[in-house]
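Novice: The sequence and its predicted three-dimensional model are supplied below.
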Amino acid sequence: MSTEAFDAVVIGAGHNGLVAANLLADEGWSVLVLEATAHPGGAVRTAEVTEPGFRNDLFSAFYPMSAVSPAIRGLRLEEYGLSWRHAPDVLAHVLPDDRCAVLSRDIDRTAASVDEFAPGDGDAWRRMVEQWHELREPLLETLFSSFPPVRPALKLLRRTGTGDALRLARMLTLPARRFGDELFDGEGAKLLVAGNAAHSDLSVDNAGSAVFGWLMAMIGQDEGFPVPAGGAGELTAALLRRLESRGGKVHCGRPVREVLVAGGRAMGVRDADGAPVRAHKAVLADIPAPLLYGELLAPEWLPPRFVEDLGRFQWDSATVKVDWALSGPIPWTAEAARGAGTIHLGTDLDGLSAFGGELARGRTPRRPFLLLGQMTTSDPDRSPPGTESAWAYTHVPRGTMENRAALERRARRMEETVEANAPGFTGLIKARYIQGPVELADHDPGLVGGAVNGGTAAIHQQLFFRPVLGTGRPDTPVDRLFLAGASAHPGGAVHGGPGANAARAALARSGRLGTGYAALIRAAHRALYS
């Protein structure tokens, strides 16, 4: 029996793996994607898990980063059947006392909302948006590029000048709470930033959390938090259709057992049945770094200091997610929340600090902060007329919620949190589907221990510290093996950055200057890990 052979083998059919495969296929490479589970898409999947006719996104649901990602936009997935939809409002942060701050794509509506908390904050919000518009394109290009992002960084410096570049650098280190205090007087605007920062695993008091809140808020102001019409799985379906139109292949239910290496170079992979697959040019791994280096590679191919650094890899917090089939829209007493696709719920600013502090101490927060999605409000195709497909998730410490009783207690606490601001909510529940850390990892092995971002977003594990101290590039200590998942820079969320960077690195290694490229990478790794 002959060995299968392709130019590239991609391990994992998550969105990053599919982005990478598409970019390589665009260059005429033959590509095979091997997916361990029965379904492609990784954490971008939709299924009817509650009631017939209710389409629930099993993992990720809203895609602001996809809307601005050069990798996703460049694939022109709209030509392959993808269409985006928006809720009337982007986001609402509902405080326990029922006050509500609204983020809308209509800047006048956002400004009016934050002005209700403190007159003048609307003007401060407009100034922040003006600054964002000045920085947007070179900043996004810098954030999504491999290190060193020389050209985009120079564009950004020309746009800002030295003084403002230093001010921007300072902002990137700020805690979200401090950032809000410096710009705004009222809690509304502060919560729109701080609540968005809590989409990561960072506390609003952690250094570096401000940039997440600011970036998400500004993208929401510009682009909204769009959803694929018909469900998150339609994004995956468009990536698959595009790849297949270029001859790429995806085999699901085919786990990879090991990466085959000879002479320090990746030669292909071996699947779980022992069958080898040759990769003439590259192997790309859309899986978490600890799984690639700890399970698929023989230790002899990794420098001891690299292995030592990897031992310090920090996962992000675990997650509990509940999907609901509701017989009607959520009856928020804060009327402004009814048209928002995304809801932040359960805490005020002090509560966000307490929530992050408890997680940092390994304690399950007494008052959970919820991120909630009103999916039928965003996309009428998600459930029958007059009903609502909804979900909420919250973070919990790693290693908790591993028995069903504890998980169901947390789910009830989440429902009580919604009920407090939407009396009658629990009476609308037709069915629920609960996933804790164990269930999330069972359904997508990349969500190790319920971590949804491929590793903490803390500043000590970002940029050229991701996944370990290194170059900030997808290259690994093994030649022609590239890390293409969320453990690599620029990290988690559905933007395709790690997959695109890995594909570009693979193309560079196989290009006209590939020998010199490989020599530079080897020299960098020797300096770092010798």
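Specialist: That came through fine.

Novice: Tell me if I'm right that Asp185 and Asp115 touch.
Specialist: No. Contact criterion CB atoms under 8 Å: Asp185 and Asp115 do not qualify, at 10.3 Å. Any C-beta I mention is one placed from the backbone N, CA and C, and that applies to glycine too.

Novice: any shared contact partners between these two?
Specialist: Asp121 (CB atoms under 8 Å, 6 or more residues apart in numbering).

Novice: which residues touch the closest residue to Asp57 other than its chain neighbours?
Specialist: Distances taken as CB to CB, 6 or more residues apart in numbering place Ala232 nearest to Asp57, at 4.2 Å, with adjacent residues excluded. Residues counted as contacts of Ala232 (CB under 8 Å, 6+ apart) are Gly41, Val44, Arg45, Thr46, Asp57, Leu58, Phe59, Ser60, Ala61, Tyr63.

Novice: List the ones among those that fall in strands.
Specialist: Those of the contacts of Ala232 mapping onto strands are Thr46, Asp57, per DSSP state E.

Novice: Taking the contacts of Ala232 together, which two end up most distant?
Specialist: Farthest pair in those (CB to CB) is Leu58 and Tyr63. Separation: 14.6 Å.

Novice: any idea of the pLDDT on the residue nearest to Asp57?
Specialist: Ala232 is assigned a predicted lDDT (pLDDT) of 98.

Novice: Quick check: the gap between it and Leu292.
Specialist: Separation of Ala232 from Leu292 (CB to CB, to the nearest Å): 25 Å.

Novice: and if you look at Thr387?
Specialist: Taken as CB to CB, the span from Thr387 to Leu292 is 42 Å.

Novice: How about Leu345?
Specialist: To Leu292, Leu345 is 36 Å away according to CB to CB.

Novice: same check, this time on Ala488
Specialist: Distance, Ala488 to Leu292, using CB to CB: 10 Å.

Novice: Same check on Val49?
Specialist: From Val49 across to Leu292, the span is 30 Å (CB to CB).

Novice: Compare those two and say which is more crowded by neighbours.
Specialist: Leu292 (26 against 16; other CB atoms under 10 Å).

Novice: Next up, the contacts around the residue lying closest to the more buried one once chain neighbours are set aside.
Specialist: Distances taken as CB to CB, 6+ apart put Ala285 closest to Leu292, at 4.7 Å, once the chain neighbours are dropped. Going by CB under 8 Å, 6+ apart, Ala285 touches Val10, Ile11, Gly12, Val259, Leu292, Leu296, Leu481, Phe482, Leu483, Ala484, Gly485.

Novice: most neighbours, which of these?
Specialist: When neighbours are counted by other CB under 10 Å, Val10 leads those with 36 neighbours.

Novice: so that residue touches Ala20, yeah?
Specialist: Yes. Val10 lies in contact with Ala20 (CB under 8 Å); the separation is 5.8 Å.

Novice: joint contacts of the two?
Specialist: Taking CB under 8 Å, 6+ apart as the contact criterion, the common neighbours of Val10 and Ala20 are Leu284, Asp286, Ala484.

Novice: State the distance from the second one to Leu34.
Specialist: Applying CB to CB, one obtains 10 Å for the distance of Asp286 from Leu34.

Novice: So between the two, which is more surrounded?
Specialist: Higher neighbour count among Asp286 and Leu34: Asp286, with 32 against 22, using other CB under 10 Å.

Novice: Touching, that one and Gly42? I think so.
Specialist: Yes. At 7.4 Å, Asp286 counts as touching Gly42 under the criterion of CB under 8 Å.
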